[in-house]
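need coordinates for the below:
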Amino acid sequence: MRFGAPGTPLGRFLHWLFEVSLIIKAIFEIAETLSGLALLGLPKNAVFDAAHWLTARELREDPNDRIANAFLNAAHHFSIQTQDFYGFYFTSHGLLKLVVVILLIRGLIWAYPMAIVMMTGFVAYQMYLYSLNHGAGMLALTVLDLVVIALTLREWYVRHSFAWRNHHEGRS
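Next up, the predicted model:
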């Protein structure tokens, strides 16, 4: 029997891990989509107003607070175009990935290669963004996507070989 074959304890664990990773991705993609919709629906100065409100007390106590000033400065440079871009990006990115996760949960055989190609494209883009900003969140998202890609490849192989075997055994 192959290492990690479907009937083995490792095979069952990998299948369980695949299902859990899809649930985590679904939750993450729902949150991402809602964040994008919130950015699109917020008044255009809401990000700056929120940053000002969050830092006001700290800056009254210490006007030179580096973290509060950096946060306020970042919010000041968060333009309307930036807000619109991230709103559109988070909404579309989240919805696309959520649709793929739903298709994978449903077990549609054609969804596996589509998901692998799409997620690989997102990983490439996320690595590009990481190279510009070195954000820990982007790195964590990329690692999660790589794990999901690996588990999707394995799951596709298991399901595809099962479907292929059944198709050819039925014809004999």
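
can you tell me which helix in this protein is longest?
helix 136-171 (DSSP state H).

distance from that helix to the middle of the chain?
Per Cα atoms, centre = their mean, to the nearest Å, the displacement of helix 136-171 from the mean C-alpha position of its chain is 17 Å.

what number of residues lie near Gly36?
20 (other Cβ atoms under 10 Å). All C-beta spots, glycine's among them, are computed from the backbone N, C-alpha and C.

residues contacting it?
For Gly36, the contact set (Cβ atoms under 8 Å, 6 or more residues apart in numbering) comprises 86-94.

average pLDDT for the longest helix of the chain?
Throughout helix 136-171, pLDDT has a mean value of 79.

for that helix, packing partners?
Secondary-structure packing of helix 136-171 (3 or more Cβ pairs under 8 Å, 6 or more residues apart in numbering; DSSP states H and E): helix 9-41, helix 111-133.

and those as TSV, adding distance to Ala74?
Conversion of these to TSV gives the following (distance: least, Cβ to Cβ, whole Å):
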stretch	distance to Ala74
helix 9-41	15
helix 111-133	12
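
out of the ones you listed, nearest to Leu151?
Closest approach to Leu151 among these (Cβ to Cβ): helix 9-41, 4.1 Å.

mind checking how far Lys97 is from Val20?
Distance, Lys97 to Val20, using Cβ to Cβ, to the nearest Å: 16 Å.

alright, calling it a day.
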